[in-house]
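>>> Test case, fold it:
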Amino acid sequence: IAARTQFFEEFHAIDLVRDAEGYILGVVALEIETGEPMLFESRVTLLATGGACRIFRHSTNAHINTGDGLGMVLRAGLPLEDMEFWQFHPTGIPEVGSLITEGVRGEGGFLLNKDGEKFMARYAPNAKDLASRDVVSRAIAQEILAGRGCGPQGDFVYLQIHHIGADKVKERLPGIRELSIQFAGVDPCEAPMPVTPTAHYMMGGIPTNLHGQVVAPERFGPEEAVPGLYAVGECACVSVHGANRLGGNSLLDLVVFGRAAGNHAIDYLRENPIPRDLPADATDPAMSRLARWDKRTGSERVPALRVEMQRILQEHCGVYRREDLLKAGIEKLNQVEARLPDAVLDDHSKVFNTARLEALELENLMPIARATLVSALARTESRGAHTREDHPQRDDDHWLRHTLYTRENDQLDYKPVRLKPLTVETFQPKERTY
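All right, here's what the predicted structure looks like:
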């Protein structure tokens, strides 16, 4: 407000505007209230569009987290980084996805299988229920695969906290109790809560440097800044989280690099005070995307295609990955993508047409799902949140490097991992044990 910032609420960004020399000159957006497109011309564009866990069936993310910034970047011909690394929070409410914080286990809660066994001692003898998210997620998945899951389908485990007393639960975990009652139908003061691993955070994303500038392999190296384009938050991959984020660090990432990007953008604007000329065809790609959804004939529907895509990712690229599963997932996704051009909308109105927005969001989710499957298939090792059953060991000799995925021909490139910190002593990666 002090800076007289103008907020454009109820707008949906469609595509970046890029000139022949690679400068980002703004975005084309859709005004949701009227259905009319609008060109936002700018010398600096900063993406803060959040993650894309909605490619999975079970997700803690809001329904709006559809990777719109990542989709725009891919369509602009730029790469995404480390898309094989997705963190699954071990304790989400089945089907709903609402997150049951590890604070429950921090207060003394523990996980139980159908036999009433505290099984975490089998997977992390020292840390037990307080092990890191990926370890607990894999442990739950192992219990379910071994037939020790709970419920009619055996597809979840229980999280018990009522043994600490109802008064403590109400005092220390009031929000969690409300979530459990509302979405799981269980009062944790009286009974254990059903939980299952749920897609929670994307370690990969739009590659950036420490200034928040989007970078891509160009003429002079693997990290050449894309002029005029920045990204921060979960949509960005500075890669401070590596292959597996620690709890609480996403907000720290956003605050630190959000400020860094803002400061650098001010310097960039001072150095580039004159707007560049817009190409004559600057808005053509975005307008073509919008026009495509005006067609009236077709046999496919967006919600059905989205559900199929989410099931494919959940089943073929979840907590555990394997070559045959990943290849089958890519084949199934090929079939779903091939049906997308035949999809039509039942609602062609202009004002607040959410069906059109969901269609545009699916066009962002599909290539992100493909980037995830292709990148996960290529990385023949287990590292962080990426667990390959057929390659259970970490392989620093071959895979201590970042993946770069480009949409054209599913191209994969790689760049080295920076191992020399700027302000602390250098340290080498080592095995994480419990």
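
>>> gap between Pro197 and Glu300?
Distance of Pro197 to Glu300, computed by CB to CB, to the nearest Å: 30 Å. C-beta here means a position set from N, CA and C on the backbone, and glycine is covered the same way.

>>> which of those two has more neighbours?
When neighbours are counted by other CB atoms under 10 Å, Pro197 comes out ahead of the other of Pro197 and Glu300, with 26 against 13.

>>> list the contacts for the more buried one?
By CB atoms under 8 Å, 6 or more residues apart in numbering, Pro197 lies in contact with 58, 88-90, 92, 137, 140-141, 318-319.

>>> One more pass at 10 Å, please.
Counting by CB atoms under 10 Å, 6 or more residues apart in numbering, Pro197 makes contact with 58, 87-92, 133-134, 136-141, 144, 156-157, 314, 318-319.

>>> so it sits in a strand?
Yes: counting by DSSP: H, G, I helix; E, B strand; the rest coil, Pro197 is part of a strand.

>>> From the contacts of Pro197, which land in helices?
133-134, 136-141, 144, 314 (DSSP state H).

>>> Relative to Val417, which of those residues is nearest.
Among the ones in helices among the contacts of Pro197, Asp134 lies closest to Val417 (CB to CB), at 18.7 Å.

>>> Which pLDDT value goes with the closest residue to that closest one other than its chain neighbours?
Nearest residue to Asp134 in three dimensions, chain neighbours excluded: Ala385, at 4.7 Å (CB to CB, 6 or more residues apart in numbering). At Ala385, the model reports a pLDDT of 92.

>>> And for Gln153?
Gln153 carries a pLDDT value of 89.

>>> how about it, phi and psi?
Note on Gln153: its backbone torsions stand at phi -100, psi -10 [degrees, to the nearest 10].

>>> Give the full set of residues in contact with Asp324.
Counting by CB under 10 Å, 6+ apart, Asp324 makes contact with 316, 389-390.

>>> Tell me how many other residues surround the residue nearest to Asp134.
A total of 25 residues lie near Ala385 under the criterion other CB under 10 Å.

>>> does Ala236 really touch Phe257, like I thought?
Yes: judged on CB atoms under 10 Å, Ala236 makes contact with Phe257 at a distance of 6.9 Å.

>>> neighbour count winner among these two?
Between Ala236 and Phe257, counted using other CB under 10 Å, the more crowded position is Ala236 (31 against 23).

>>> Contacts only, for the closest residue to the more buried one other than its chain neighbours.
Closest residue to Ala236 apart from its sequence neighbours, by CB to CB, 6+ apart: Thr208 at 4.7 Å. By CB under 10 Å, 6+ apart, the contact set of Thr208 is 47, 81, 214-215, 223, 225-226, 229-232, 235-239, 257, 260-261.
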